[in-house]
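> coordinates only, sequence not included:
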């Protein structure tokens, strides 16, 4: 807690609030080194409490219950921790696998799914009790797990190149298996409307999409001439596909191994442009109105952020928040952005219109920032 | 309270909760005859409390603060009431004009604006205190007030056919006036990304759009050959433009005076199709994933709902919830829909995938249903 201020320590000492709490503008910041999460308030631009004991959070993410009260935190060590952000306590925790990589929550908020490397597969838990309700072994490292409308989960196998759709809307779970998604898919995303699922490929050029509105979805090749491919360019960090940004009719895709982002038509899945960037992009995130795209970069250029205007596709702002910019999260209506600067031990808050820095908040090796408004969106 | 059940009465008796409250899955239902709002819980599909004393709610709407704690209710009588849904009490109330028609909240949650018929204009209030911070007389009935990114409000004059953009991001408010929007605009909407503002016209055929991403927005004519126009078809109820649905690349527009909805390309603003409906549509609302559009109808056909598949543009389901279906609200991720059936004195909850009725909730002449997730969206 070396960077913890006295003010924050005082707040933490009285961390169980007796006051009525509204949760719409709260959030959690992953403190990766400590295995803790920092509860934050967007409106006050402040830290409220630290909740500890979540295990290995070196590559962690989380989802929220529909009431924006509980966070389900997916740790790298297979831990699934349910955090109550109202009482500011851990409400439940299971270690459900040896090595996990992300999770999702069903559209009705009743089921939480976790994607595992070891043993490979997906396990689904009751969101209330954390009891396991389904175990789906896949004989493969399993990646790109997302929720889809109709109490469905979609996920993909690194080893076999298959995507499976698990439908839990009926009495019996139904699984649809789609083969030939490509060689070694390494991550995936689903569009905000839950229609298009896209996997990035490590073993071959390009990406693969599925139209989940089809009765019998077939793999659609996307940008087949582009990607990491066989060229073995030095890739410092594979970009996060979940960071892909949708701005009106276009996606913005962090190019793999190149200093650029790609613009892709969301319907035809063809390239519509490129923007040269300062480094290899990691996240390219659209402000909620789609007008701006904020990009951070892989080591050693990870002290910098560039802002792209999505209408002109040009860079309109560049600045250096500090060492190791790991993640960004917009307020739900996009007027501010919160940025994790890991090696500065700070989360920084900026106005997205003036680019003015509004606040610095102490945090211990902050990485992912997750605001509660995610509860209301698909695929986050 | 003739329809109030004993169970609800018991709940109301202990309506100030001592329990921790999360607000992400709550909502308010306007009870138009009583001047009250009913606090509801989406997850429990239940009424929690009634809050009374809001004046004339015969044509009321509301917006939420970013923390999803406070609702700002805009009454027809010019009343602006701030409701605390955590303590379940009125937190403030001003009667700010003689006759009002809707309001909006700025993207930072600091300003609440109200659109007035009498005296015509817009008044802007501090969201915390309800003190007036700006008064914008327009010499006209003022309609179609929405919030836009960057602490802006956009609104339109029935009498003069002008649209004004009030920018409150700086020290001094700046107003941009756009003339020639058409004859007698009667309502307007802004798209979810805050880019396109569209007004419906009463005095001539068609609609008018503005691209707010332009530095100097100019009126764009939309469907100039369509609308109520001069033909004087019997119009039982003007459709609500805020109910326009965006499904992927298309809008769905309730046709004025016809038994059909129109499909319009969101980019080119040209017509892409029509679907014949049971009656004159009032609201045509897209499920959040865009796959379905639910339509209700004007009197005397207002006992019926039709569901349109947005991929095929065909009607896939029709049913009669009961007399006087006034409003519909989807859960944020679209798995359920709540429907106000005024003359049955009930709100009905349906599964949007199976169309099964899940619950009936007693309410006194229910009209608008507003879930707290609206806090995180533009233009609602």
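Received, thanks. Bear in mind that the values here come from a model prediction, so they are computed numbers and not experimental data.
> Spell out which residues of the stretch 1-150 of chain A are next to chain B.
Remark: the part of the stretch 1-150 of chain A in contact with chain B comprises A:17, A:20-26, A:42-43, A:64-69, A:85-87, A:107-109, A:149-150, using C-beta under 8 Å from any C-beta of the partner chain. C-beta: built from backbone N, CA, C; applies to glycine.
> Can you list which of those residues are found in strands?
A:26, A:64 (DSSP state E).
> Residue A:249 - nearest residue in space that isn't next to it in sequence?
Excluding the flanking residues, the one nearest residue A:249 by C-beta to C-beta, 6 or more residues apart in numbering or on different chains is residue A:266, at 5.4 Å.
> Can you get me a residue count around residue A:122?
24 (other C-beta atoms under 10 Å in any protein chain shown).
> Let me fix that, I meant to ask about residue A:296.
Number of residues near residue A:296 (other C-beta under 10 Å) recorded here: 30.
> Could I get the buried residue list for the helix or strand harbouring residue A:90?
Using DSSP states H and E, residue A:90 falls within strand A:89-95. Within strand A:89-95, the residues scored as buried using 16 or more other C-beta atoms under 10 Å in any protein chain shown are A:90-94.
> what does stretch A:338-347 give?
Applying 16+ other C-beta under 10 Å to stretch A:338-347 flags A:338-342, A:344-347 as buried.
> Ok, stretch A:175-187 next?
Buried, per 16+ other C-beta under 10 Å, within stretch A:175-187: A:178, A:181-182, A:184-187.
> got the contact list for it?
A:136, A:143-144, A:156-167, A:199-204, A:206-208, A:210, A:217-219, A:221, A:238, A:240-242 (C-beta atoms under 8 Å, 6 or more residues apart in numbering or on different chains).
> What's the ChimeraX line that selects buried ones from the residues you listed?
Buried residues within the contacts of stretch A:175-187, by 16+ other C-beta under 10 Å, are selected in ChimeraX with:
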select /A:136,143,144,156,157,158,160,161,162,163,164,165,166,167,199,200,201,202,204,206,207,208,210,217,219,221,238,240,241,242
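> Tell me which of the contacts of stretch A:175-187 fall in strands.
A:136, A:143-144, A:156-157, A:163-167, A:199-201, A:207-208, A:210, A:221.
> okay, now the residue of the stretch 101-250 of chain A found nearest chain B: neighbour count?
Closest residue of the stretch 101-250 of chain A to chain B, C-beta to the nearest C-beta: residue A:107 (4.3 Å). Residue A:107 has 27 neighbours, counted by other C-beta under 10 Å.
> and if you look at residue A:311?
15.
> ok, it - contacts?
Going by C-beta under 8 Å, 6+ apart, residue A:311 touches A:291, B:213.
> Contact residues of the stretch 151-300 of chain A facing chain B?
Counting by C-beta under 8 Å from any C-beta, the stretch 151-300 of chain A sits next to chain B at A:151, A:169, A:193-195, A:213, A:248-249, A:267, A:288-291.
> I'd like the residues you listed laid out as a markdown table, including secondary structure and pLDDT.
Formatted as a markdown table, these follow (DSSP: H, G, I helix; E, B strand; the rest coil; pLDDT from 0 to 100):
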| residue | secondary structure | pLDDT |
| --- | --- | --- |
| A:151 | coil | 97 |
| A:169 | coil | 97 |
| A:193 | coil | 87 |
| A:194 | coil | 90 |
| A:195 | coil | 91 |
| A:213 | coil | 94 |
| A:248 | coil | 70 |
| A:249 | coil | 78 |
| A:267 | coil | 82 |
| A:288 | coil | 91 |
| A:289 | coil | 91 |
| A:290 | coil | 90 |
| A:291 | coil | 93 |
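> hmm, back to that, which pLDDT does the model give the residue nearest to residue A:249?
On pLDDT, residue A:266 comes in at 82.
> give the contact list for residue A:357.
A:348-350.
> cool, and residue A:378?
Contacts of residue A:378 (C-beta under 8 Å, 6+ apart): A:107, A:147-149, A:190, A:192-194, B:288-289, B:333.
> Now list the buried members of those residues.
Buried, going by 16+ other C-beta under 10 Å: A:107, A:147-149, A:190, A:193-194, B:288-289, B:333, out of the contacts of residue A:378.
> follow-up on the earlier one: sort out which of the buried residues of stretch A:175-187 are in helices and list them.
The helices, defined by DSSP state H, take in nothing from the buried residues of stretch A:175-187.
> and the residues you listed, which of them are in strands?
Applying DSSP E to the buried residues of stretch A:175-187, the entries found in strands are A:178, A:185-187.
> quick one: low-confidence ranges for the stretch 101-250 of chain A?
By pLDDT under 70, the weakly predicted segments of the stretch 101-250 of chain A are A:227-247.
> Helices of the stretch 1-150 of chain A, residue ranges please.
Taking DSSP state H, counting those that start in this stretch to define them, one finds helices in the stretch 1-150 of chain A at A:6-13.
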